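> following is a predicted model, sequence given first.
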Amino acid sequence: MSLSLNALTQLGIMILAGMFMGRMMKHIKLPNVTGYLLAGLLLGPYFLPALGCPFSILSEHFISGIGIISEVALGFIAFSIGNEFQISYFKKVGAAPLIIASMESLFAVVVVVAALLLTRHDAAFSLVLGSIAAATAPAATIMVINQYKAKGPVTSTLLSVVAIDDATALILFSAATAVASGMAGRASNPVMQVLVPVGQILAALAVGGGLGILLLLPMRYFHKKSNRLALICGFLFVGIGAADLLGLSSLMLCMALGAAVANLSSEAGSILSIAESITPPIYILFFVASGAGLQVSVLKTAGMIGAIYIIGRSIGKLFGAWLGARISHTPPMVAKYLGPCLLPQAGVAIGLTLIAGRVVPEYAPAIRAVVLAGTLVYEIVGPGVTKMSLTRAGEIAGS
């Protein structure tokens, strides 16, 4: 049972509780985002009721009804990541981010699939579940980088890799589900199953880049920060909405929008700064809502398969990032500390479970339970691991 509070009261409680828990985390040297997630866990409808508490502050219905906040928060995060995609940077570092993103995504899939097959699980199930392991959630990572103003080769490579990861994960998932569909006798055209997502990625990049170019046109005539903030919000909202209407990735679209601004405007830095002025309460709401939606009970349901998924994915990400960094001759610090920063997993992976359920419907409940269990573990542990890695790399001030 949840308390009967109106929506604004619940949103206010979420922001205040998030701020309080974020402050508490500083005393134990953990990132604010860990506090936001824990605040959501305590306010939400799953954790305290599971311990015998007769009520919760936030209801399941309320959490599911504020999905637009998550969409907006991810849009701003993707816009921020896109601003790191400067052509001058990629001319300097070459193909390193693409190689690393490909390797860490590929090995996360390979290790999980191999472990499931070795433990005698169905091949189609192993392929579909293993392919979801490629996805990495950028939101918590970006929050840690922003909070501590991390700067250096590991941080700059990390920003590029998490951006590319969304595309590599979707391509690997599409390829794996096409093969799994063939095994289950459900594939109509495996080639198209792979090509369609590639086309969607390219379309998202094209639409996002076009919106970025259009955004810069009125920027010439509006110089006040308040007006520019309104323009940024307007274009991001249109972009997120267009992605939803066209069935495209809003993350890819908003990244492309940010990349267009970064490469075509000499005022990219100030534009990003203006955008970030509105994001603190949006981010708090997003992470508190994410924490509230984490179902602790799935840890029991996931069982041994969940342990295989979490451990196998972690090993694959760490080894793949290390190997990719060595192949692309990045600084030793990148090879050593990048992998742990790629562990968080959330929205994209959960979304992929819906598609996975259509490929192997008989395993849909198990796949969802395992991925949700992974999300719970990675989202709580991930930010602290990211902070520790960047600190050891010497890229957090005062470390």
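Happy to help now that I have it.
> only C-alpha atoms from now on, for both contacts and neighbour counts.
OK.
> can you count the residues close to residue 375?
Neighbour count for residue 375, taken as other C-alpha atoms under 10 Å: 25.
> check which helix or strand it maps to.
Here residue 375 sits within helix 364-392, counting by DSSP states H and E.
> give me the average confidence score over that helix.
The average pLDDT within helix 364-392 is 83.
> now do stretch 235-243
93.
> what sits up against that stretch?
Identification of contacts with stretch 235-243 by C-alpha atoms under 8 Å, 6 or more residues apart in numbering yields 71-72, 75-76, 204, 207-208, 211, 215, 249-250, 253-254.
> and which of those residues is nearest residue 121?
Nearest to residue 121 among the contacts of stretch 235-243, counting by C-alpha to C-alpha, is residue 249 at 31.2 Å.
> count of neighbours near the closest one?
Residue 249: 23 neighbours (other C-alpha under 10 Å).
> quick one, what contacts it?
200, 201, 204, 243.
> for it, give its distance to residue 178.
With the distance defined as C-alpha to C-alpha, to the nearest Å, residue 249 ends up 19 Å from residue 178.
> so where do the helices sit in the stretch 251-399 of the chain?
With DSSP state H, counting those that start in this stretch applied, the stretch 251-399 of the chain shows helices at 268-276, 279-292, 298-327, 332-337, 347-359, 364-392, listed in chain order.
> which residue in the contacts of stretch 235-243 has the weakest pLDDT?
For those, the pLDDT minimum is residue 249, 76.
> buried stuff in stretch 82-102?
82, 83, 84, 85, 86, 96, 97, 98, 99, 100, 101, 102 (16 or more other C-alpha atoms under 10 Å).
> with adjacent residues omitted, what lies nearest to residue 281?
residue 15 (6.6 Å; C-alpha to C-alpha, 6 or more residues apart in numbering).
> flag the shaky bits of the stretch 251-399 of the chain, pLDDT-wise.
The stretch 251-399 of the chain contains residues with pLDDT under 70 at 298-299, 301-302, 346-348, 350-351, 354-355, 398-399.
> let's see 90
Low-confidence segments of the stretch 251-399 of the chain (pLDDT under 90): 251-256, 259, 262-273, 275-280, 282-307, 310, 328-335, 337, 339, 341-399.
> what does the stretch 101-250 of the chain give?
Ranges of the stretch 101-250 of the chain meeting pLDDT under 90: 101-102, 105, 119-205, 220, 223, 243-244, 246-250.
> circling back: go through the helices of the stretch 251-399 of the chain and pick out the most buried.
Among the helices of the stretch 251-399 of the chain, helix 279-292 has the highest mean neighbour count (mean count of other C-alpha atoms under 10 Å), at a mean of 24.
> contact partners of it?
11, 14-15, 18-19, 33, 36-46, 58, 63, 69-70, 72-73, 76.
> now the angle from the helix holding residue 375 to helix 298-327?
50 degrees (axes from the mean of the first three to the mean of the last three C-alpha atoms, to 10 degrees).
> before we move on, the earlier item: and which of the contacts of stretch 235-243 is nearest residue 392?
Closest approach to residue 392 among the contacts of stretch 235-243 (C-alpha to C-alpha): residue 76, at 28.3 Å.
> what residues are up against that closest one?
Per C-alpha under 8 Å, 6+ apart, neighbours of residue 76: 236, 254, 275, 276, 279.
> okay if I get the residues you listed as a markdown table plus distance to residue 143?
Formatted as a markdown table, those follow (distance: C-alpha to C-alpha, whole Å):
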| residue | distance to residue 143 |
| --- | --- |
| 236 | 19 |
| 254 | 17 |
| 275 | 15 |
| 276 | 11 |
| 279 | 11 |
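> and what about the residue of the chain most remote from its centre, helix, strand or coil?
Most distant residue from the mean C-alpha position of the chain: residue 221, 34.6 Å away (C-alpha atoms, centre = their mean). Classification of residue 221 using DSSP: H, G, I helix; E, B strand; the rest coil returns coil.
> what's the spacing between residue 112 and residue 330?
In terms of C-alpha to C-alpha, residue 112 sits 26 Å off from residue 330.
> I meant to write residue 180 there.
36 Å.
> the more surrounded of those two?
residue 180 (23 against 19).
> pretty sure the more buried one is touching residue 129, no?
No: taking contacts as C-alpha atoms under 8 Å, residue 180 lies outside contact range of residue 129: 10.3 Å.
> overlap of the contact sets of these two?
With C-alpha under 8 Å, 6+ apart as the test, residue 180 and residue 129 reach no residue in common.
> need the buried residues of stretch 82-102 in CSV with distance to residue 171, can you?
Below are these laid out as CSV (distance: C-alpha to C-alpha, whole Å):
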residue, distance to residue 171
82, 20
83, 23
84, 22
85, 20
86, 23
96, 19
97, 17
98, 13
99, 15
100, 15
101, 12
102, 10
